[in-house]
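[1] Here's a sequence, model it:
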Amino acid sequence: EIRRTVRQGLWIAVTISIPIWLVLWNTQSILTAMGQDPALAAEAGAYVRALQWAALPFYCYIVVRSFLAALERPGWALVIAVLAVMFNAL
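    Okay, the predicted model is just below:
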């Protein structure tokens, strides 16, 4: 039962990430259409395109963290979060 719930949570994470990727991929054109300075829109677009790839891993982490919390083993989620912070610091 739990395995099926986690699998469905991961599928929802993928389903949510696809429209988010589509919107974030077109950030530059969206900002330009909203009247922003084209140079600023280009900079923001490049920044957001780099960040968009973090959406799916983030949602998957939320699913796994909730799963581990339900099993009363939050230590692994803490270890992963600390490793992610150290990786981002680099």
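[2] What about Ile30, how many residues nearby?
    Residue neighbour count, defined by other C-beta atoms under 10 Å, stands at 16 for Ile30. Where you see a C-beta, it was placed from the backbone N, CA and C, and this is true even at glycine.
[3] Also Ser17?
    Neighbourhood size, Ser17 [other C-beta under 10 Å]: 20.
[4] so how far is Arg73 from it?
    Distance, Ser17 to Arg73, using C-beta to C-beta, to the nearest Å: 26 Å.
[5] Check Arg4 too.
    Arg4 is 19 Å from Arg73, where distance means C-beta to C-beta.
[6] When the two are compared, which one has more neighbours?
    Per other C-beta under 10 Å, whichever of Arg4 and Arg73 has more neighbours is Arg73, with 11 against 8.
[7] which SS class is Gly35?
    With DSSP: H, G, I helix; E, B strand; the rest coil as the basis, the three-state label of Gly35 is coil.
[8] Name the surrounding residues that touch the strand or helix carrying Ile18.
    In this assignment (DSSP states H and E), Ile18 forms part of helix 2-25. For helix 2-25, the external contacting residues (C-beta atoms under 8 Å, 6 or more residues apart in numbering) are 30, 48-49, 51-52, 55-56, 59-60, 62-64, 66-67, 70.
[9] Identify those among these that sit within helices.
    Mapping the contacts of helix 2-25 onto helices (DSSP state H) picks out 30, 48-49, 51, 55-56, 59-60, 62-64, 66-67, 70.
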